[in-house]
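Asks: take a look and give me a structure for this.
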Amino acid sequence: MGRREEALINYTRSLALKEEVLEPDHPQLAVSCRQVAEAYVAVLNFKEALPLCLKALEIHKIHLGQNSVEVAADRRLLAVIYSGLGDHKKALEENSAAKKVLKNWGMDSELVYVELDTANVQISLGNYDDAITTLRGIVQHTEKESELRAMVYLYMAKALCNLKKYVDSKKSCELATDLFKRYETTNPAKVAEAYTELAMLYESMNEFATGIKLYKTALGIYEKSPQDQHAEASTAGRLGWLLMLTGSVREAIPYLESAVERLKESFGPNHFGIAYIYNNLGAAYEELERPQAAAQMFAMAKEIMETALGPQHIDTVETMQNLANVHGSMGSFGIAIEFQRRVVEALENHGPTVKDELKEAKRRLLDLQRRAKQPAGRAVKNAIPHHSITGKLLTKTHASQNAGEEGDTSHNAFEEIDASPIASEELDASVEISESQNATEELNAIQRASEEIIVADTKN
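Replies: Numbering: from 1, shown residues only. Have a look, this model is predicted:
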């Protein structure tokens, strides 16, 4: 169990005790509900956070009225939660309501940060011109060399990048970086988080060397702050992926391994974010021609994803495709065929949106079945090229973004390949049955091995 999960359990127990002894609308319950909601947000569980934050808001409105500072705080947290759930319009509504309260109280310093949040939500909604207008308004209320001015430059760079105005975006990135350097010692966690976001922007503009440099700078800052392990893990994972993308696979592996360990310490061994990094480690081991190690990583990713996301989730399906690919490359056709069948069955349940992927998955299945009947050496030699890098990572940057939105730059596991069309009449029913029986036995062995690894991780 990770440290943040432990904290969440303690907060939840405290809330349960208060619910037993206090009236349903007692003010102290509102405080505890918001505290637990914040703890859920910290582990990116926005679904559980939502009802608690709504309850805190209702209690505060009863006792303090619509125009209280506590109500504004509840609404700001709700904006974060709605953004995490992908409901950016509701997030914008909550920010707007919070701004009205803060204006009434003359809390200009707090109001500027709500405006920043608003700009970030506008970017998430694709309203880039509106975001730029909002940011221009904020600049007037910031000091020239302030950290707040640096944040404005960062968000301006994001909006400009999305508008494909790359020259202007890079200039904003440079201005932000220069200002953030002044605050590395006074506000290290915030600066490291900003460097990570800037690195992501450079990455999206194909400025990989600059992105790698900023990721490494952010990691150097995080390493001095043990309380920020979750953020360090996110940055290490992204750096590892970018190094793989640029061909530095051996250099990438230690960063990916570090990301796994940090995520385990923060969230426990079965958090869905760990599965994505296991997938990337599997791809790295494939590149280094270590298929058995790759298969182990993919199997561990699959175990976590099936529990956290469900067996039909498209990312779980992609992981099964990785398993089919790597076992096919080793000549373990029984296992490969079984996984490929599962991929086909899962994609058939996704409807017409994955029509091309389903067609490709079926073609791969036919090819595996054909190769299974060839002499061993020839079958492996004719293996389909299948290297893929999954760029989906657990990355917590600004509060209005979530794991599902960020880093979603994965290469399709069902990429186009060069292979000859295969007629279905080539298949042999008796061979198919034998393969299925062998595959079931081998899959059971893999399942047991994966469970043992995960149980061991839990005990550690």
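
Asks: now residue 294: closest residue in space, sequence neighbours ignored.
Replies: Excluding its sequence neighbours, the residue lying closest to residue 294 (C-beta to C-beta, 6 or more residues apart in numbering) is residue 285, at 3.9 Å. Quick note: C-beta positions are derived from backbone N, CA and C, even for glycine.

Asks: nope, residue 112 is what I meant
Replies: According to C-beta to C-beta, 6+ apart, the nearest residue to residue 112 is residue 141 (5.5 Å).

Asks: was I right about that neighbour contacting residue 110?
Replies: No - at 11.7 Å, residue 141 does not count as touching residue 110 under the criterion of C-beta atoms under 8 Å.

Asks: who's more crowded, the two?
Replies: Applying other C-beta atoms under 10 Å to residue 141 and residue 110 shows that residue 110 carries more neighbours, namely 18 against 14.

Asks: which element is that one on?
Replies: Per DSSP states H and E: residue 110 is located in helix 108-125.

Asks: tell me what that helix is packed against?
Replies: The contact analysis (3 or more C-beta pairs under 8 Å, 6 or more residues apart in numbering; DSSP states H and E) places helix 108-125 against helix 69-84, helix 88-104, helix 128-139, helix 147-162.

Asks: who touches the last one?
Replies: Identification of contacts with helix 147-162 by C-beta atoms under 8 Å, 6 or more residues apart in numbering yields 112, 116, 119-120, 123, 126, 128, 131-132, 135, 138-139, 142-143, 166, 168-170, 172-173, 175-176, 179-180, 182-183, 187, 190, 194, 197-198, 201, 204-205.

Asks: shaky segments in the chain?
Replies: Where the chain drops to pLDDT under 70, the residues are 1-2, 376-460.

Asks: 50 instead?
Replies: 1, 385, 387-389, 391, 393-436, 453-460 (pLDDT under 50).

Asks: is residue 86 in a helix, a strand, or coil?
Replies: Under DSSP: H, G, I helix; E, B strand; the rest coil, residue 86 falls in the coil class.

Asks: so who does residue 304 touch?
Replies: Counting by C-beta under 8 Å, 6+ apart, residue 304 has contacts 270, 271, 272, 274, 275, 278, 454.

Asks: mind listing which of the residues you listed are in helices?
Replies: Residues of the contacts of residue 304 located in helices (DSSP state H): 272, 274, 275, 278, 454.

Asks: what's the closest of these to residue 242?
Replies: The nearest member of the ones in helices among the contacts of residue 304 to residue 242, counting by C-beta to C-beta, is residue 278 at 17.6 Å.

Asks: does the closest one touch residue 295 like I think?
Replies: No - at 11.3 Å, residue 278 and residue 295 do not qualify as touching, with contact defined as C-beta under 8 Å.

Asks: quick one on the thing from earlier: are any of the contacts of helix 147-162 buried, and if so which?
Replies: The neighbour count (16 or more other C-beta atoms under 10 Å) marks 112, 116, 119-120, 123, 128, 131-132, 135, 138, 142, 166, 169-170, 172-173, 175-176, 179-180, 183, 190, 194, 197-198, 201, 205 as buried among the contacts of helix 147-162.

Asks: need the contact list for the residue lying closest to residue 102 once chain neighbours are set aside.
Replies: With sequence-adjacent residues excluded and distances taken as C-beta to C-beta, 6+ apart, residue 102 is closest to residue 111, at 4.5 Å. Neighbouring residues of residue 111 by C-beta under 8 Å, 6+ apart: 99, 102, 103.

Asks: does the first one touch residue 115 like I think?
Replies: Yes - shown here, residue 99 and residue 115 form a contact pair, counting by C-beta under 8 Å, at 7.2 Å.

Asks: how about the nearest residue to residue 177, chain neighbours excluded?
Replies: residue 198 (6.1 Å).

Asks: and the host helix or strand of that neighbour with helix 147-162, angle?
Replies: Using DSSP H and E, the element containing residue 198 is helix 188-204. Orientation note: helix 188-204 sits at an angle of 20 degrees relative to helix 147-162 (axes from the mean of the first three to the mean of the last three C-alpha atoms, to 10 degrees).

Asks: circling back: could I get the contacts of residue 304 as a markdown table with neighbour count and distance to residue 35?
Replies: Output for the contacts of residue 304, formatted as a markdown table (neighbours: other C-beta atoms under 10 Å; distance: C-beta to C-beta, whole Å):
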| residue | neighbour count | distance to residue 35 |
| --- | --- | --- |
| 270 | 18 | 24 |
| 271 | 23 | 21 |
| 272 | 22 | 24 |
| 274 | 27 | 26 |
| 275 | 29 | 29 |
| 278 | 24 | 32 |
| 454 | 17 | 31 |
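
Asks: sounds good, over and out.
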